[in-house]
Structures are given as structure tokens and as C-alpha cells.
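**Q** Sequence first, then the predicted structure, then my questions.
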Amino acid sequence: MVFIYFECSLLLVVVVVCSGRKCLRSSTLSRMATHLCMPWHRSSCQETGGTFWHRFIVDTGSWCVGRPDKSSYDPTMNLMTPLQSTTKAPHRRHRPAPSTAPSMPSILLLLLLLTITTATPPPDQDSNPCLLYLAQSTIPHAGLGMFAGAPFPTGQLIGRIGDAAFPTVDQDWHNSPPTGYHSKNEGDYHWPLTNYDWHPRDIGMENEAEDVSVTVTGFGAAPNCHFRLLNAEEHGAVYDGAGLDRYESPGAGASTPWFNRTTTAAWDIEAGSELFVDYGPNWFLTRPGIFSLVPLAENYERAQAFLREYGRLLVGTYNPDDLVPEKMSLSDEAQRDLWEIIKTFPYPTRERQALPYSHKDALRAIHGDIQTVEVENSVRSVEYLKEHGKCVDNIVPGNSTIPHAGRGAFATRFIPKGGLVAPAPVVHIADKLAVNMYGEMIGPNGNVVRNETQVIGKQLILNYMFGHENSSMLLFPYSSNVAYINHHATEYNTILQWTKDFDFFHHEEWLNKSVEFFEDQWTSGLMLEFVALRDIQPGEEVLINYGKRWQEAWDEHMKQWEPIPPEKDHNNLTLWTDETSANRGKAGYVRAEVFNEDLTSPIRTVEEQKQEPYPHSVDIQCLVSIGHDASYLFAPLTIPLIKRRWMEEYDNDAQGDLTFHPCNITWRYNLRDIYGDPRSEDEFYHEYEYDAELNVRKTFEDVIIHERHVITHIPWKAIRFFNKPYTSDIFLKKAFRHEMDLPDGLWPEAWMNLATKDEKN
């Protein structure tokens, strides 16, 4: 017989457990409760006496156990990952959600995991094994997971190359009410890619525009997050336009120049391991409901402390070596039922969700730790992945054979006719108008608002989406390297089809749902496949047919496009930039990285730039601290002048603001003239120091303060070139934009919610 009570409304605690002649003391159980009650709940209980008793008696023969009412709670739910929700998620950015999946009985899944983790996969005899797979995640209900098909030692690149990255710029503004300040999210702004986006600083895109979110395919979207198993470290992307010169190629601006966002192994990864990346705690903390219960790193410490008390409950000591059947106070069946009560009690916390899923794993975690158990459970055999997974390593990017296409996708191995080229899970967009970019106008309140009558462009990511002229829906495939698959109207070697398996992820019934249904879905649940139309040889470029509409649009673009010499570039080729009266820099558009990598050339002063200006696309900024108290003594009667020497301990230290600020270089010192011959090459890798002026605008209470800072002897390391917003190729006014079409018969009839051409006429 079991008597139980609720402590702090969070944890179901057994007070007296009797099995045969063995009884457990309630003091042990109270210690267990303190590890899983949140502090604010415990204090609340102390103040209000919020502990109440309840008794459940269910005769099960050899074991009596109490069970709470489960009418409003799913005992198979694993709160480590979110389930499918029809509630609209808040419009937040910078991290993808794990995909949804149908639930399966927890006991069967546990048996499956134990079978997998104890099996020893045979050695892979292939000379060119698949390095990465998509398969069902080892986290229950997490949908897709990404797995290593081969071992990766610490620091090694995972896969063959990094992923493509796609900036979406000022999207909240472009979807805002015509006369308002706020995002259209307030009145239903559907963009599920917000759950798959990264912060631009993580990618290196923070200067692309005022507001940037970044979608990354492959590792940027497919892996799940597990804060105890973060075995994959992601890095920034590089800007590389693949030779598409804005002055010479009609393909410039039509493909993403952000390339090779790499992922490396955080520790030695064995073949078959599921790969996990760091979404960041904020991704979970800013999402309501089930997302708010995903354990963070600190929650595992309290969960481990709870397990220690749980072990003492079973054997009366803290010695894990005593956790053997003959010393247990409870039978295996009783332990299973008790653990189910602990895991399914309907007042969950992050700490309780950090506990192992089964009572067997709980015992293993007491002997070792939770992380060790979860690492073991996150490994599938390579044979399992070959049979039940889909290889995402069959293609790799390279320079395309198609003129003006930039990069293309090339086969890494022989792919037979009918074989899988690449899986392609897709994120749906219910309203294609969400990719429109609008001109500006002054609103009734004097603020700059979008002009709904002036569509001046579309987001770059549209070029990587599938659509249909009679549907408002768009589909974005986010698997590795599928974004590089180019078009050929007649000589394509690959076709698309809906997947016929992966029913834990692919919801075939969605193909019969209306567009309105998708407006309430905020996670992906459909998968396409790229399939070989004929045998494809290693190194051969993979091509599909984008459709007649796309071909006609590209042909028209080619007719209209004309080359522009660099000397006629007056900062007038891109959207939202201020045209200059003359060209700045004979070389035309040049990225800031070119100047930052030049360690020897002196930085030009303001006077020198009058004769030899830098390109309009770059800005010079200095790492100096502009914060101090003295300036406010002058406000608002004078314009303060602050003159001082650059100091390492003040300008490049936590005492300063550690921020680069726009500056004008006014003077240059040759260090050899000051110090003589260099004492070492490392010490004088750049031979100059600089004086700079900064014009700073501050607000102190209701007073606006203008300051002039003169900083002398600034080292080269504290001066950097930055790319100005809205100057990269993705903002070219004449850049090509058009979605791809799925083949006839593949686009569902249920999604045809727009009038046909005949109906419009």
C-alpha cells in the first residue's frame, strides 16, 4: 500500500511505502522533494502551509500504488522537447524548434533505445561512407534528428563542408500595419521560419541591415538541442559570391553569398551519435507552455542531487554500489511504477524533466551521471541509420556548370536511377506576401512606414522556396546543400516527390489540409525527396527543372539586365542607400574584409581620402570608450571636447564600452620614427598608429549632448572597416527573384486558394 502527498504542487512524494516487511521513511522522500521544487514554490509552501495529503489505494496484487488523475495530462509526454501545437507561437527569432512527431508508447521506445545502444555496429566497409543522416531523434517526440555516419574527433569539421545561410531583412517592418510602428505579428503574421532562425551576430551578418534574422540550412535547422549533449559547435559563415560580379553578371544578388557556415565536433563523436547544437537558453525561456519546461544546464545539477536521494530511498545509503537487487527495498515492478509517478505527475518542472526517462536509466545515472546515460541513449547503430535514416551527404556544393548560377550541387558518390539524392524536410509559409519588401512613406504620426502600393523587391530566401501560381503557400527545404541544386529545363537528372516513409515526421494528411490549417502550424511536418531520374555519376552536377514560370521569368530578366561599369556606381545600385554625387573608389564595390586583411597598408586620413576615397560600401570605426561623467557638466551650454590618448586598459577593457564607433582618421604616426628599429616583427606587424575624431550624440535625461572626442595614438588593432548596411549583393535593385515550381500533380489541390489566370480574366 502506498500513501502519497503533493509537496509544493510540483512533485508527487511517497510518504510511506510498504512492500513485504520493508518500509521507507518519509524524511528521505522529503529530501528528494527539495531538489525538484523550484525555490519560489518552496517559499510559498512555507508561508502558506501549502502541503496537503491525498491517499490513493489501488490493489495490484503484490504492489499497491496510487496514481493521479491523468485526464488532463499525457503520461507519454516527454517534456524534453516540444510536441505539436496548434497555438500560434510568439513571433520571436533566432533558433529552430525540434520537429514534431506522433507519440509512441514510452516503454516500446525505451526498449528500442536500449537495444540500439547495446548493439555493436559492424565496421563500415564502404570507401566513401555517408557522413550524415536524418533519422528519428533519440529524444522522444522530437521528430527528426541529425546523426553522424562516421566518427568525428574533437575539433574536426562535421560533414564535408559548411551550410548556406540566408538573411531575411527588416521583415517585421515589411509586414507591419501600413500606418503603424509595430510588427504585423500583432494581427497575425505567419512566418514559421522564426523558429529556425539564428542571431545575425552568430553568423557574421549583423551589419547587413537594421534588423536581420538568418536561416541556415542543414546544421542550422535539422539538429535538436540538448543542453547536456552539445557535441556540435557552430561557427560563422563567410561572404563569397562565387564569382558573380555585380557589374558583369545577371546572376549577382540572386543567390546567397553567405557560404560555408561550418560545424565542428565539441568532443570525440562516435559513429551513430545524434548531433546536438546550442539553441541558447533564451530560445526556450522566451517560449511559453511546453517549451518553458525544457531543462537548461543548471537544472541537471538539481536533478542529479535528486537521484542521489532516490538511491538512498531504495537502499538506505548513498553508496551506489549498494544498488543491487538483493538490497533494494522495492521490487523492480514497484520501482517502475514509482518512477512513472515521479515522471508523470501533472506539475512538471525543468528539474524533473531532466531526470532519466525510465527507472532503469535512473539507476544507471546514480552509478554514473545523467549525461553519461543520455550520451549512451543518443547513439544509434550505423546499420540502423542505413536502414531507417536518409543520407544527407550525397551532394556537396561547388562552382556550377550553369552560367550565372554561382554554386551548384555535385554528387559525392554514384547515385543509381531512383536512388535518393537528398531528403528535404520543408518549412511552410502560408502567405507568400510575407516575402514582399516595400518602399517607404511618412505615416500620419510622422514616422517612416511601409508603402503598401510600392513593392520594390522580395526577400532573397524566396529564390530557394517552392510555390505555385494558384496558391499562397511557399515551401522552404532546409536539408544540407539542397539549396545549391540548380535548374535546367531539359537536361535535369533529378525530380522531386513526397516522401513515402518517415511517418514519425511527415504528416501525409497535411497534403489534404487547407491553407488556413497551415496558418496555425508553427513547426515543419512535411518532407520532399530529391530522387535520381537516371544514374548520376560521382562529381556530376545535380539539376532539377524549376518549372515553366521560373524559366520565363529568368529569360525576361536576362533581356532586361545590362552591365554597369564600376565607375558609374554612385551608391545607387542597392535598395535603401543614399546616392552619392560621384563614385567613391575606382574599384567599385569592395567588402570591408579586404581592408581588414591588409596588415601592411596605412589607413588613409580624411585628407588623403579626398584624393583616394574608400568605397561607399565600407565605414571606418574605432574601438574607444565614449562613456565618462565629465561631459555632462558641460551640457547643454557648450559642445564638450574630450581629448586623450588611447589606453589599452580603458578602451579595450571591461571598464570601457568595448564597442566600435564611427571615426575619422585625422593623423598617422610611423612607429619606426618614434621607436626606431622594431624590437621584434610580432610587436610591429603594423607600422602605424593613428589619431581619430569621433562625433558622439548622447541623451542625458531630457538633454541631448553632442560631444567631440579626439583620441590619439590608436593602434591598428583598434581600428576596423565595417560593411555598411544595405550595400551587399542581396540588395541589388535588379537582382532576380522568383520561387521554384513543384512538378504538375505534386502540388496538392487543397492548397490552391488563389484564382487561376482564366478566373482573373
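**A** Ah, there it is. Residues are numbered from 1 along each chain as shown.

**Q** Only C-alpha atoms from now on, for both contacts and neighbour counts.
**A** Fine.

**Q** residue boundaries of the helices in the stretch 451-600 of the chain?
**A** 515-518, 548-560, 592-596 (DSSP state H, counting those that start in this stretch).

**Q** before we move on, what about the stretch 151-300 of the chain?
**A** Ranges of helices in the stretch 151-300 of the chain, per DSSP H, counting those that start in this stretch, are 171-174, 200-203, 281-285, 297-315.

**Q** From the contact counts, what lies against the longest one?
**A** Helices and strands touching helix 297-315, as assessed by 3 or more Cα pairs under 8 Å, 6 or more residues apart in numbering; DSSP states H and E, comprise helix 26-36, helix 350-353, helix 359-367.

**Q** Could I get the phi/psi values of Tyr669?
**A** For Tyr669, the backbone dihedrals (degrees, to the nearest 10) come out as phi -110, psi 140.

**Q** before we move on, what about Gly408?
**A** Residue torsions, per degrees, to the nearest 10, at Gly408 are phi -130, psi 180.

**Q** got it, and Val375?
**A** phi -60, psi -50.

**Q** Go ahead and confirm it touches Asn231.
**A** No. Under the criterion of Cα atoms under 8 Å, Val375 makes no contact with Asn231, lying 9.8 Å away.

**Q** More neighbours: which of these two?
**A** Just comparing Val375 and Asn231: by other Cα atoms under 10 Å the higher neighbour count belongs to Asn231, 23 against 15.

**Q** now the more buried one, nearest residue through space, not along the chain?
**A** Ala266 (4.8 Å; Cα to Cα, 6 or more residues apart in numbering).

**Q** Count the residues that sit near that neighbour.
**A** 18.

**Q** same deal with Trp191?
**A** With other Cα under 10 Å as criterion, Trp191 counts 23.

**Q** Now it. Nearest residue, chain neighbours left out?
**A** Closest to Trp191 by Cα to Cα, 6+ apart is Ile429, at 6.1 Å.

**Q** That neighbour is in contact with Met473, isn't it?
**A** Yes. Ile429 lies in contact with Met473 (Cα under 8 Å); the separation is 5.6 Å.

**Q** Which one's more surrounded, those two?
**A** Ile429 (26 against 23).

**Q** And the strands in the stretch 151-300 of the chain?
**A** 165-169, 197-198, 212-216, 232-234, 238-239, 258-259, 263-265, 274-275 (DSSP state E, counting those that start in this stretch).

**Q** Hey, what's the angle from the first one to strand 212-216? Just curious.
**A** This means strand 165-169. Relative orientation of strand 165-169 with respect to strand 212-216: 150 degrees, computed using axes from the mean of the first three to the mean of the last three Cα atoms, to 10 degrees.

**Q** Name the secondary structure element that contains Glu649.
**A** helix 648-651 (DSSP states H and E).

**Q** mind listing what's buried in that helix?
**A** Asp651 (16 or more other Cα atoms under 10 Å).

**Q** For that helix, list the C-alpha coordinates in PDB.
**A** C-alpha atoms of helix 648-651 as PDB (Å, rounded to 0.1, in the frame of the first residue of the first chain):
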ATOM      1  CA  GLU A 648      44.500  49.600 -23.600                       C
ATOM      2  CA  GLU A 649      43.200  49.300 -20.000                       C
ATOM      3  CA  TYR A 650      40.400  51.800 -20.700                       C
ATOM      4  CA  ASP A 651      39.400  51.400 -24.300                       C
END
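
**Q** following that helix, which helix or strand shows up next?
**A** Criterion used, DSSP H and E; the element after helix 648-651 is strand 660-662.

**Q** what packs against that following strand?
**A** Against strand 660-662 (3+ Cα pairs under 8 Å, 6+ apart) you get strand 618-623.

**Q** Quick check: which helices or strands does the strand it packs on pack against?
**A** strand 660-662, strand 719-723.

**Q** List the pairing partners of the first one within its sheet, with orientation.
**A** By that I understand strand 660-662. strand 618-623 (antiparallel) (DSSP bridges).

**Q** can you list contacts of the helix or strand just after the strand it pairs with?
**A** Once the chain leaves strand 618-623, the next helix or strand it forms, by DSSP H and E, is strand 641-645. Defining contact as Cα atoms under 8 Å, 6 or more residues apart in numbering, one finds that strand 641-645 is touched by Ser631, Glu707, Arg708, His709, Val710, Ile711, Thr712, His713, Ile714.

**Q** mind redoing it with 7 Å?
**A** Glu707, Arg708, His709, Val710, Ile711, Thr712, His713 (Cα atoms under 7 Å, 6 or more residues apart in numbering).

**Q** In TSV, list the helices of the stretch 451-600 of the chain along with mean neighbour count.
**A** TSV is the format used below for the helices of the stretch 451-600 of the chain (neighbours: other Cα atoms under 10 Å):
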stretch	mean neighbour count
helix 515-518	16
helix 548-560	14
helix 592-596	15
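
**Q** For Ala242, find the nearest of the ones you listed.
**A** Ala242 sits nearest to helix 592-596 of all the helices of the stretch 451-600 of the chain, at 15.8 Å, using Cα to Cα.

**Q** starting at the chain centroid, how far to the closest one?
**A** When C-alpha coordinates are averaged (Cα atoms, centre = their mean, to the nearest Å), helix 592-596 and its chain have centres 27 Å apart.

**Q** What is the helix or strand just after that helix packed up against?
**A** Scanning forward in sequence from helix 592-596 by DSSP H and E, the next helix or strand is helix 606-611. Packing partners of helix 606-611 (3 or more Cα pairs under 7 Å, 6 or more residues apart in numbering; DSSP states H and E): strand 664-670.
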